[in-house]
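Q: Give me a 3D structure for the following:
(2 chains)
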Protein chains: 2
Amino acid sequence: MGRPRRPLLDRERIATTALEVVDEQGEFSVPQIAKRLGVQTASVYHHVDGRDGIVELLRERVAAGIDGGTLDLEPWDAALVAWARSYRAAFAAHPRAIPLLMTSPVRAPKVLAQYEKAVGRLLDAGFALPDVMPVIIALENLVLGSALDLAAPESMWELADETATPRLARALGAVPEGRANQAFELALAGYLAHVRTLPDAP
Amino acid sequence: MGRPRRPLLDRERIATTALEVVDEQGEFSVPQIAKRLGVQTASVYHHVDGRDGIVELLRERVAAGIDGGTLDLEPWDAALVAWARSYRAAFAAHPRAIPLLMTSPVRAPKVLAQYEKAVGRLLDAGFALPDVMPVIIALENLVLGSALDLAAPESMWELADETATPRLARALGAVPEGRANQAFELALAGYLAHVRTLPDAP
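A: Numbers count the residues shown, from 1 in each chain, chains lettered A, B, ... in the order given. The predicted structure is shown next:
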């Protein structure tokens, strides 16, 4: 039998298929990915280090949407804010991947390199070492919660009977367009104002 | 044929089974729930208003873990903070339900009643009407992002080669135990400090 010129399977195709499956279902299994690619499960395992290897491919793929150049901006807080916005946009494109990626350890070298850069910016700016990861993690919680919200319907509260919740009805009536963006900006502003007050913050 | 004394199917059993399935898979289908309950899919539809009806059962079930009494605390910011902590704990117990519930419109009357209460506290405290929902949504984003983080492993970054990311390695070495709680408290403090500065805030 002749061999196909292009390899039937590579990490790129596995990543693409895994992300398709996760976008649809919020979850994936290796046999499911193999089936969709028309190959044996064992063939997939030939290219990746188990299921965890696929999670890291997914992480690299989603994180590739983050503009790492934002972390070079001056001063440090402008860098952090621009990174947060780019980070949110990248994950908002794949909301169903968020819980999967948030609850699996980060191993992808390209993604770790981005954390290295973020940590470096905070250390160079004068943050105390024990504050650095909490500052980054708090920002991620806010970013990823907001990314999920961005994937929610614009009308998130549906009142069958407005008389049961009259003040909620009034408050919803006063919500400006782009409520998800407004809530994100509010949370981001609060985060930043607080982080600037941390001990040793610049 | 005799009839069983206890109904084979009710909304409670559907909710319990749906939550089991979502906890395992992050998703559910009505036929899957019917199969697990040993009934026909049509029988499930006899008790709930379609798939959306089951999502609302799930929301009520998860939200039942939130202590609504927190919203009666004085002053308003103590109420908001206590509600946020209780809200986070309730959703951290079901992290895989978070994306599903965050991206479907809220219709459950019991849950809407809790929003009515939160809106009321903010209005009574003097917040401007257009600020009320963004203040609540920003808090939810922070709460739900942190709830997902609480479900993540304590060691979330695994460095195969510390020399590639030396500052990240140092920062991780300085992370105190309970990093998820620390990051949540940091974000919550920032949120609250900022919300207190909003126009018309008390």
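Q: Check chain A for its longest helix and report it.
A: Longest helix in chain A by number of residues (criterion: DSSP state H): helix A:129-150.
Q: Just the mean pLDDT for that one, thanks.
A: With pLDDT averaged residue by residue, helix A:129-150 scores 94.
Q: From the contact counts, what lies against that helix?
A: helix A:76-92, helix A:98-102, helix A:109-125, helix A:179-195, helix B:98-102, helix B:129-150, helix B:166-173, helix B:179-195 (3 or more CB pairs under 8 Å, 6 or more residues apart in numbering or on different chains; DSSP states H and E). From N, CA and C alone the C-beta is placed, and that goes for glycine too.
Q: Just checking the third one against chain B, any contact.
A: Which is helix A:109-125. Yes - using CB under 8 Å from any CB of the partner chain, helix A:109-125 comes into contact with chain B via A:109, A:112-113, A:115-116, A:119-120, A:123.
Q: got these as CSV, with distance to residue A:133, pLDDT and neighbour count columns?
A: Converted to CSV, the residues of helix A:109-125 next to chain B look like this (distance: CB to CB, whole Å; pLDDT from 0 to 100; neighbours: other CB atoms under 10 Å in any protein chain shown):
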residue, distance to residue A:133, pLDDT, neighbour count
A:109, 19, 92, 14
A:112, 13, 96, 20
A:113, 16, 95, 13
A:115, 9, 96, 21
A:116, 12, 97, 20
A:119, 8, 97, 24
A:120, 13, 97, 18
A:123, 11, 96, 17
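Q: Turn those into JSON lines, including distance to residue A:86.
A: Output for the residues of helix A:109-125 next to chain B, formatted as JSON lines (distance: CB to CB, whole Å):
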{"residue": "A:109", "distance to residue A:86": "20"}
{"residue": "A:112", "distance to residue A:86": "17"}
{"residue": "A:113", "distance to residue A:86": "15"}
{"residue": "A:115", "distance to residue A:86": "14"}
{"residue": "A:116", "distance to residue A:86": "17"}
{"residue": "A:119", "distance to residue A:86": "17"}
{"residue": "A:120", "distance to residue A:86": "17"}
{"residue": "A:123", "distance to residue A:86": "21"}
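Q: and the residue nearest to residue A:25 when sequence neighbours are not counted, how far is that from residue A:58?
A: Spatially, and ignoring its direct neighbours in sequence, residue A:25 is nearest to residue B:27 (5.7 Å; CB to CB, 6 or more residues apart in numbering or on different chains). Separation of residue B:27 from residue A:58 (CB to CB, to the nearest Å): 17 Å.
Q: So which of these two has more stuff around it?
A: Neighbour count, other CB atoms under 10 Å in any protein chain shown: between residue B:27 and residue A:58, residue A:58 has more, with 23 against 17.
Q: What strand or helix carries the more buried one?
A: helix A:50-63 (DSSP states H and E).
Q: how big is the angle separating that helix from helix A:76-92?
A: 120 degrees (axes from the mean of the first three to the mean of the last three CA atoms, to 10 degrees).
Q: Quick check: closest non-adjacent residue to residue A:28.
A: residue A:21 is the one closest to residue A:28 (CB to CB, 6+ apart), at 4.3 Å.
Q: Then residue A:39?
A: Excluding the flanking residues, the one nearest residue A:39 by CB to CB, 6+ apart is residue A:9, at 5.6 Å.
Q: One more: residue A:116?
A: Excluding the flanking residues, the one nearest residue A:116 by CB to CB, 6+ apart is residue B:165, at 4.0 Å.
Q: Would you check that the one you found makes contact with residue A:113?
A: Yes - Residue B:165 is within contact range of residue A:113, at 6.7 Å (criterion: CB atoms under 8 Å).
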